[in-house]
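*Asks:* dropping the sequence and predicted coords here.
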Amino acid sequence: MDHLAEAAALRHAVVRINRRLRQERGEGGLSPNQLAVLGYLQAHGSATPGRIAARERQRPQSLTRVFADLEAEGLIVREPDPDDRRQSVLTLTEAGRRTLERDMAERDIWLAAALSTLGETERGVLTLAGALLERLGAMEIPGTET
């Protein structure tokens, strides 16, 4: 069965809501890559730069500046990997956790207000859709790697 029309409609909706959520962020907020790094560290704990880059489907070199900026701002710390001294391990600091939570809260406030305009059934559908979007985002479909 051909799902291209459904895929295009879903992509359009996700792009639109993502754009709106970005607009609801305060001035001087974190960049998308900074958010991705801090979010990964909060969700998964300490990790090597290579592991974070692989999860974000980027090359470690592409995130080098992001890692350096986050470290300089005290949002992450870099320490030698105890198992492989040639590698480093990045860890989220308490300041990094607070910064990430503040950044997310700005968008959550808008989204909660928007959700309050919907009916109970509509909110339930969106809750289910959120879980499905999480699953889709984590899927590895053979032959579709970029």
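*Replies:* Now that the structure is in, tell me what you want to look at.

*Asks:* strands of the chain, start to end?
*Replies:* 76-80, 88-92 (DSSP state E).

*Asks:* so residue 76 sits against residue 41, correct?
*Replies:* Yes - taking contacts as CB atoms under 8 Å, residue 76 lies within contact range of residue 41: 6.7 Å. Backbone N, C-alpha and C define where each C-beta goes, glycine included.

*Asks:* between the two, what contacts are shared?
*Replies:* Contact with both residue 76 and residue 41 is made by residues 90, 91, 92, 96, according to CB atoms under 8 Å, 6 or more residues apart in numbering.

*Asks:* give me the buried entries from these.
*Replies:* 90, 92, 96 (16 or more other CB atoms under 10 Å).

*Asks:* closest one of the residues you listed to residue 26?
*Replies:* residue 96 (16.9 Å; CB to CB).

*Asks:* now for the residue nearest to the closest one when sequence neighbours are not counted, how many residues are close by?
*Replies:* The shortest distance from residue 96 to any non-neighbouring residue, by CB to CB, 6 or more residues apart in numbering, is to residue 75 (3.5 Å). The number of residues packed near residue 75 is 23, by other CB atoms under 10 Å.

*Asks:* and the gap between residue 75 and residue 125?
*Replies:* With distances taken as CB to CB, to the nearest Å, residue 75 is found 36 Å from residue 125.

*Asks:* quick revisit: let's have the shared contacts of residue 76 and residue 41 in CSV, adding pLDDT and distance to residue 20.
*Replies:* Output for the shared contacts of residue 76 and residue 41, formatted as CSV (pLDDT from 0 to 100; distance: CB to CB, whole Å):
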residue, pLDDT, distance to residue 20
90, 96, 30
91, 97, 32
92, 97, 27
96, 97, 25
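
*Asks:* can you redo these as a markdown table with distance to residue 113?
*Replies:* Listed next are the shared contacts of residue 76 and residue 41 as a markdown table, based on distance: CB to CB, whole Å:
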| residue | distance to residue 113 |
| --- | --- |
| 90 | 34 |
| 91 | 34 |
| 92 | 29 |
| 96 | 27 |
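
*Asks:* ok, so of those, who is nearest residue 46?
*Replies:* residue 91 (4.3 Å).

*Asks:* what bridges to that closest one?
*Replies:* For residue 91, the beta-bridge partners under DSSP bridges are residue 77.
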